[in-house]
Structure formats: structure tokens, C-alpha cells
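Here is the input, now give the coordinates:
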Amino acid sequence: MRIGELAVRAGVSVRSLRYYEEQGLLTSTRSASGQRHYTEVHVERVTFLQRMYAAGLSSRTIAELLPCVDSPSESTSDAALERMAEERERLSAHIEELIRTRDALDGLMATNRAHRRSLRTSVRG
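Residues are numbered from 1 along each chain as shown. The predicted structure is shown next:
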């Protein structure tokens, strides 16, 4: 299949597919005229890549995990597990920071509401 059909079948843009190729996450065969050609396996690969991006992984991290997907072995599985643990720690730290930010915003909103109530009370009084 050509790049446009892969994009439709995988639910991504042609631009995304080209980016995946640039990053070494996806490969294609080329016709004599240079057109990219893909197989059914590529639809599954793009779907997998989309799940990894949705989980918050970067292209570089995904590239580091692909050897475990492409040719699983004890060493690639161990390396992938270690990398995923690092990513999980990074995400956990980010979540904690987001929670602190949300809590600070909640505090500002509470202060604002209290200020607005005091203004209404002083205007009535």
C-alpha cells in the first residue's frame, strides 16, 4: 500500500508517517520511482507507535524500546524494562508537579472568591 492508504488505515497523517521514517521508527520499501510502499505489518507498527506517543514517550525513547519489539531477547527486554521504569519515574515527577500547580491554582481561586465575597459584603453594608 502507498503512504496515503497507510495514513488512512492507521488514522494518522502522511506527515506523521514521514516523521516516523525520519526518526527511524518506520521503514518502507521504495518503488523505482521513489514511492513508499508498506504492508499490513506497517499498520500494526504505526498503531503501536501511536500508543507509545499517547503514553507520553518521546521519539528517542520509542527508538530505544524498538529493539525489544523487533527482536526480543533477554538483553533487549531488560534494557526496555529499565528504560520504561525511567520513563515512569519521569511521568510520576511530572504528575506530582502538575498536582502542586493545580493546588496552587485552587488556592488562588479560593483567595479570589473570598475577596469577591468581601467586596459584595462591604458594598451592601
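
Can you tell me the centre-most residue of the protein?
Among the residues of the chain, the one closest to the centroid is Tyr53, at 2.4 Å (CA atoms, centre = their mean).

That residue belongs to a strand, doesn't it?
No - counting by DSSP: H, G, I helix; E, B strand; the rest coil, Tyr53 is not found in a strand; it is helix.

nearest residue to it other than its sequence neighbours?
Leaving aside its sequence neighbours, Tyr53 sits nearest to Ile62 (CB to CB, 6 or more residues apart in numbering; 7.4 Å). For the C-beta atoms, the positions are set from N, CA and C on the backbone; glycine is no exception.

Give me the distance between that neighbour and Ser31.
27 Å (CB to CB, to the nearest Å).

More neighbours: which of the two?
Neighbours per residue (other CB atoms under 10 Å) separate Ile62 from Ser31, with Ile62 holding more: 21 against 10.

Brilliant, that's me finished.
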